[in-house]
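Asker: here is a sequence together with a model predicted from it:
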Amino acid sequence: MITLKSEILEELTREGTVIVDFFATWCGPCKMLSPVLESFAENNKTIQVIKVDVDTHKEVAMNYSVMSVPTLILFKDGKLVKRQSGYMTEESLVKWIDLK
């Protein structure tokens, strides 16, 4: 998993399937989702998971109209495919991505 610092999100999502997790350190559901995403990333090496702290990267969150956290955005080959807000189990995450 990558935690966004100075990297440009558009470059990171240009190729392949990427999940971007918009989170906040003070957010309870975000803390619950974090181990789910870590497990998912370990089990699905072909899908990149990027974490974006909305308090640190407000402009990135605003650019993607993130109004609540956690918000997951799925990119495929640079295109925003779908988004989901709130906690998900790993099983729900896999179904949301359509891996099955």
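Answerer: All right, it came through fine.
Asker: okay, CA-based contacts and neighbour counts for the rest of this
Answerer: Noted.
Asker: now the strands: where do they sit in this structure?
Answerer: Per DSSP state E, the chain carries strands over the ranges 2-3, 17-23, 47-53, 71-76, 79-85.
Asker: ok, residue 74 - contacts?
Answerer: 17-20, 80-83, 97 (C-alpha atoms under 8 Å, 6 or more residues apart in numbering).
Asker: sorry, back to before: and among the strands of the chain, the most buried is which?
Answerer: Mean neighbour count, computed with mean count of other C-alpha atoms under 10 Å, is highest for strand 17-23 among these, reaching a mean of 23.
Asker: for stretch 26-43, buried residues please.
Answerer: Neighbour counts over stretch 26-43 (16 or more other C-alpha atoms under 10 Å) mark 30, 33-34, 36-37, 40-41 as buried.
Asker: before we move on, what about stretch 54-62?
Answerer: Buried-residue list, stretch 54-62, by 16+ other C-alpha under 10 Å: 54, 60-61.
Asker: for stretch 91-100, same thing?
Answerer: Counting neighbours by 16+ other C-alpha under 10 Å, stretch 91-100 gives residue 93 as buried.
Asker: nothing else from me, thank you.
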